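[1] just a sequence and a predicted model for now, questions to come.
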Amino acid sequence: MADKSTFTPDEWKLIMESVMAAGMAVSAAEPSGLFGLLKEGFASSSTLIQAKMDPNTNALIKTAVADFDTSQGRSIVRDGLKEKLSGSQTAEIKGKCIQILQQAGAVLDAKAPADAAAFKGWLKLIAQHVAEAASEGGLLGFGGVKVSDAEKATLAEISNVLKLAA
């Protein structure tokens, strides 16, 4: 079983960034306005809480969630993403988040092959929950679609770079 010590500090930071990048990629693919963004942020955090509470959650996922419970862990992720995404336009953010996911997936495959599928599946789940959190289109949250074509395409792209079935 892999844990935080399996990775270098930079690799662990990348893996932690990937947790946030999964949801951010979907949000950037189809910006939902203020209320949509709040719903999508809540969906991302609730997926972390579910993983924390589920006794069957993979140990590596639990380790990542535990790091998010610390101010140091949150600061490392926030500062790393700020550095990588600073000055980016919305369209660029999606691409950079996809790149983070691809790099994290490669590190997981190389350093934690027994845990890689579970962790990458969890990243995909985070992205899926964010995509389903707010309706796209319509007026004031009425009408529209649950998951837009742009979000569907982003979910497929995430599955592809993580080498998961779509």
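    That came through fine. Residues are numbered from 1 along each chain as shown.
[2] distance between stretch 9-19 and the chain's centre?
    With Cα atoms, centre = their mean, to the nearest Å as the basis, stretch 9-19 stands 11 Å off its chain's centre.
[3] likewise stretch 46-62?
    Distance of stretch 46-62 from its chain centroid, counting by Cα atoms, centre = their mean, is 14 Å.
[4] next: stretch 30-45.
    On Cα atoms, centre = their mean, the centre of stretch 30-45 falls 13 Å from that of its chain.
[5] check stretch 95-108 too.
    Worked out by Cα atoms, centre = their mean, stretch 95-108 lies 10 Å from the chain centre.
[6] cool, stretch 110-127 as well?
    With Cα atoms, centre = their mean, you get 11 Å for stretch 110-127.
[7] offset the numbering so it begins at 194, please.
    Fine by me, first position is 194 from now on; the one you just mentioned is stretch 303-320.
[8] buried ones in stretch 347-358?
    347-348, 350-352, 354-355 (16 or more other Cβ atoms under 10 Å). C-beta coordinates here come from the backbone N, C-alpha and C atoms, glycine included.
[9] do stretch 234-243 as well
    So, applying 16+ other Cβ under 10 Å, buried residues of stretch 234-243: 236-237, 240-241.
[10] so where is this structure shaky, pLDDT-wise?
    Along the chain, segments meeting pLDDT under 70 span 226-227, 229, 328-338.
[11] which stretches of it form helices?
    Secondary structure of the chain (DSSP state H): helices at 202-222, 226-246, 252-261, 264-278, 283-304, 306-326, 342-354.
[12] now do the contacts for the spatially most central residue of the chain.
    The chain has Ala215 as the residue nearest its centroid, 2.1 Å off, counting by Cα atoms, centre = their mean. By Cβ atoms under 8 Å, 6 or more residues apart in numbering, the contact set of Ala215 is 237, 290, 294, 316-317, 319-320, 323, 351.
[13] for Ala257, state which of these is nearest.
    Nearest to Ala257, judged by Cβ to Cβ, of those is Leu316 at 10.0 Å.
[14] and the gap between the closest residue to the closest one other than its chain neighbours and Val340?
    Distances taken as Cβ to Cβ, 6 or more residues apart in numbering place Ala215 nearest to Leu316, at 4.4 Å, with adjacent residues excluded. As for Ala215, its distance to Val340 is 15 Å (criterion: Cβ to Cβ, to the nearest Å).
[15] Ser352 now?
    Per Cβ to Cβ, Ser352 is found 14 Å from Val340.
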